[in-house]
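1. Quick one, fold the following:
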Amino acid sequence: MLARENRLIKADDFRTTMKTGRKAGSDHLVIYLKRDEALPQARFGFVVAKTVGGAVKRNLVKRRMREIARELLKELGSGFTIVVRALPGAAEVDWEQLRNELRSAVFTAVKKAQA
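-> Okay, the predicted model is just below:
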């Protein structure tokens, strides 16, 4: 579980990040990243729609993405708001592939935001 200060909770935060943030994608994920210097830590939010699968598959994808996000917190600096949207098929990929896709998409979005 991510700490409370590292989670996006309000719908408005999700909406703002998805509308104004930089976008990067992979085969099974879309990342929206917004830079906010006022934040002391990076914050993550996850969107897993019913198109990904039933409740068991959706929860599996969310748990995996939360754990990967915990790893990324150690490498990311502060001041990022990140929304991760899972695409259909995300539940069928293995842990390592999902991890690699999420990491590369986040770092691609970070590079876009800093440019």
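
2. Mind listing what's buried along the host helix or strand of residue 96?
-> According to DSSP states H and E, residue 96 maps onto helix 95-114. Within helix 95-114, the residues that qualify as buried by neighbour count (16 or more other Cβ atoms under 10 Å) are 98, 99, 101, 102, 105, 106, 107, 108, 109, 110. (Glycine included, C-beta is placed from N, CA and C.)

3. Who is the spatially most central residue of the chain paired with across the strands?
-> When the chain is reduced to its mean C-alpha position, the nearest residue by Cα atoms, centre = their mean turns out to be residue 84, at 2.9 Å. Residue 84 forms beta bridges with residue 31, residue 46, as assigned by DSSP bridges.

4. now the helices: where do they sit in this protein?
-> Listed in chain order, the helices of the chain (DSSP state H) span residues 11-20, 55-75, 95-114.

5. between those helices, which one is nearest to residue 1?
-> Closest approach to residue 1 among the helices of the chain is made by helix 55-75 (6.7 Å; Cβ to Cβ).
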